[in-house]
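Asker: got a sequence here, can you build the structure:
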Amino acid sequence: MERQLRSVRRHDTAAADVTPWKIRMRRVSAVSREGLEELSKSRTATLGGIMIVFLFVVALLTPVLATHDPIKPDYRDRLAPISSEHYFGTDKFGRDIYSRVLYGGQRTIAISVAAVAFGLAIGIPFGILSGYFGGRVDAVGMRFVDGLLAFPGLLLYLLIVTLSREWKLEGFWNDAILVFALGFAFMPEVARLARGAALVEARKEYVEASHVIGEHRFSVAMRQILPNCVSPLIVNATVRLGYMILIIAALSFLGLGTPPPTPDWGADLNVARDHMEQHPMIAIFPGLAICFSVLAFNLFGDGLRDILDPRTAER
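Answerer: Residues are numbered from 1 along each chain as shown. Modelled structure (predicted):
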């Protein structure tokens with residue numbers, strides 16, 4: 001009898017230990033496991049995922065992997081070829097190209113991720129609420145989005161970055177302005193995509209059921225409709241990360257991105273223009289870094305689209 005009581009107590013204690021938080025974590029773990037299994041079935045997504053993991057690992061370990069100060073010039077070692085001391089050679093200021101590529105990648109990836117996150121944070125609620133409420137809210141919101149889309153994105157980048165130069169912002173604030181410009185330009189695209197998905201979801205039965213039981217409309221939009229609109233937004237954001245890297249490199253190449261001597265892939269390509277015939281490696285390595293990063297995010301985004309879009313999977 002005592003043994004039975006002890007076993008019952010142990011069972012009750014184990015059941016009590018299973019808190020709602022643990023149940024939620026188990027569900028998250030199960031969903032993550034299923035997601036990894038689906039990703040592993042797509043060679044495109046797997047290859048892109050491996051490349052992205054490599055990029056983020058290198059970005060995190062940049063202070064360890066770098067061999068020189070990326071900013072400090074050495075005029076006695078200008079335009080040095082590839083060697084054991086300088087893995088990618090040096091530029092016209094004697095700065096180590098290998099270290100500059102690493103630090104430039106760290107900064108570029110951080111700005112790209114922050115800009116996409118900022119655009120999603122603004123565009124998703126804007127589009128979901130506009131598509132769900134409809135009427136005047138949708139009309140006014142979409143006219144505002146159409147106005148932003150009519151304004152060329154590159155001009156918006158140039159305008160905001162030029163203003164930051166006029167205000168003489170440097171370091172963190174210069175990067176923050178760049179994140180704001182890129183994210184704000186990305187917001188209209190996210191808002192339209194989220195609105196289209198919300199219009200479809202708002203007509204489904206589970207939304208009507210939520211209305212019947214008296215759930216608040218804002219709660220229905222954010223807790224019921226939003227989770228069912230995530231798939232196309234994730235794919236779009238992943239591909240957009242590669243586009244952000246190109247935009248950052250283009251702005252820096254034009255002299256409107258990061259002010260020198262901060263490491264930047266686009267700025268390094270600009271510096272290499274006058275010496276590409278004698279020392280092509282100055283331009284090759286930053287260019288390869290840009291190509292590798294954009295290809296990684298595009299491959300991963302295409303693989304996600306094939307997995308999340310059943311119509312594509314059927315083909």
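
Asker: please name the nearest non-neighbouring residue to the residue positioned nearest the centre of the chain.
Answerer: Closest to where the C-alpha atoms of the chain average out (C-alpha atoms, centre = their mean) is V113, at 3.4 Å. Once flanking residues are discounted, V113 sits nearest to L241: 6.9 Å by C-beta to C-beta, 6 or more residues apart in numbering. To be clear about C-beta, it is placed using only N, CA and C from the backbone, and glycine gets the same treatment.

Asker: hang on, isn't that neighbour packed against S112?
Answerer: Yes. Using C-beta atoms under 8 Å, L241 is in contact with S112, at 5.3 Å.

Asker: all helices of the stretch 51-200 of the chain, in order?
Answerer: Along the stretch 51-200 of the chain, the segments classed as helices by DSSP state H, counting those that start in this stretch run 62-65, 97-133, 135-150, 153-166, 172-201.

Asker: comparing those helices, which comes out most buried?
Answerer: Most buried of the helices of the stretch 51-200 of the chain, by mean neighbour count (mean count of other C-beta atoms under 10 Å): helix 97-133, with a mean of 22.

Asker: could you give the separation of that helix from the chain centroid?
Answerer: Chain-centre distance of helix 97-133: 5 Å, with C-alpha atoms, centre = their mean, to the nearest Å.

Asker: likewise stretch 159-178?
Answerer: The chain centroid and the centroid of stretch 159-178 are separated by 21 Å under C-alpha atoms, centre = their mean.

Asker: about what we covered before: to G255, which of the helices of the stretch 51-200 of the chain lies closest?
Answerer: helix 153-166 (9.8 Å; C-beta to C-beta).

Asker: which strands and helices lie in contact with that closest one?
Answerer: helix 172-201, helix 230-253 (3 or more C-beta pairs under 8 Å, 6 or more residues apart in numbering; DSSP states H and E).

Asker: whichever helix or strand comes after the first one vs helix 97-133, what angle?
Answerer: What it means is helix 172-201. Sequence order places helix 205-212 as the next helix or strand after helix 172-201, per DSSP states H and E. Relative orientation of helix 205-212 versus helix 97-133 (axes from the mean of the first three to the mean of the last three C-alpha atoms, to 10 degrees): 60 degrees.

Asker: pLDDT weak spots in this structure?
Answerer: The model of the chain has pLDDT under 70 over residues 1-40, 169, 309-315.

Asker: would you mind giving the helices of the stretch 51-200 of the chain as a markdown table with distance to E277 added?
Answerer: Shown next, in a markdown table, are these (distance: least, C-beta to C-beta, whole Å):
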| stretch | distance to E277 |
| --- | --- |
| helix 62-65 | 30 |
| helix 97-133 | 17 |
| helix 135-150 | 42 |
| helix 153-166 | 30 |
| helix 172-201 | 32 |
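
Asker: so which of those helices gets nearest V220?
Answerer: Closest to V220 of the helices of the stretch 51-200 of the chain, according to C-beta to C-beta: helix 97-133, at 7.4 Å.

Asker: show me what the closest one is packed up against.
Answerer: On a contact count with 3+ C-beta pairs under 8 Å, 6+ apart, helix 97-133 meets helix 43-60, helix 62-65, helix 135-150, helix 172-201, helix 217-219, helix 230-253, helix 265-272, helix 281-308.

Asker: how about 6 Å then?
Answerer: Here helix 97-133 touches helix 43-60, helix 62-65, helix 135-150, helix 172-201, helix 230-253, helix 281-308, going by 3 or more C-beta pairs under 6 Å, 6 or more residues apart in numbering; DSSP states H and E.

Asker: starting at the chain centroid, how far to stretch 140-156?
Answerer: For stretch 140-156 - counting by C-alpha atoms, centre = their mean - the centre lies 21 Å from the chain centre.

Asker: list the contacts of it.
Answerer: With contacts defined as C-beta atoms under 6 Å, 6 or more residues apart in numbering, stretch 140-156 is touched by S130, A185, P188, A191.

Asker: still on that earlier bit, from S252, how far off is the residue nearest to the centre of the chain?
Answerer: For V113, the distance to S252 equals 17 Å [C-beta to C-beta, to the nearest Å].

Asker: then V64?
Answerer: Relative to S252, V64 is positioned 25 Å away (criterion: C-beta to C-beta).

Asker: same thing with F88?
Answerer: The value you get for F88 to S252, if C-beta to C-beta is used, is 18 Å.

Asker: sorry, back to before: to G303, which of the helices and strands packed on helix 153-166 lies closest?
Answerer: helix 230-253 (9.1 Å).

Asker: elements contacting the closest one?
Answerer: Partner elements for helix 230-253 (3+ C-beta pairs under 6 Å, 6+ apart): helix 97-133, helix 172-201, helix 265-272, helix 281-308.

Asker: can you list the ones you listed in CSV and add distance to L79?
Answerer: CSV is the format used below for the helices and strands packed on helix 230-253 (distance: least, C-beta to C-beta, whole Å):
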stretch, distance to L79
helix 97-133, 10
helix 172-201, 29
helix 265-272, 10
helix 281-308, 8
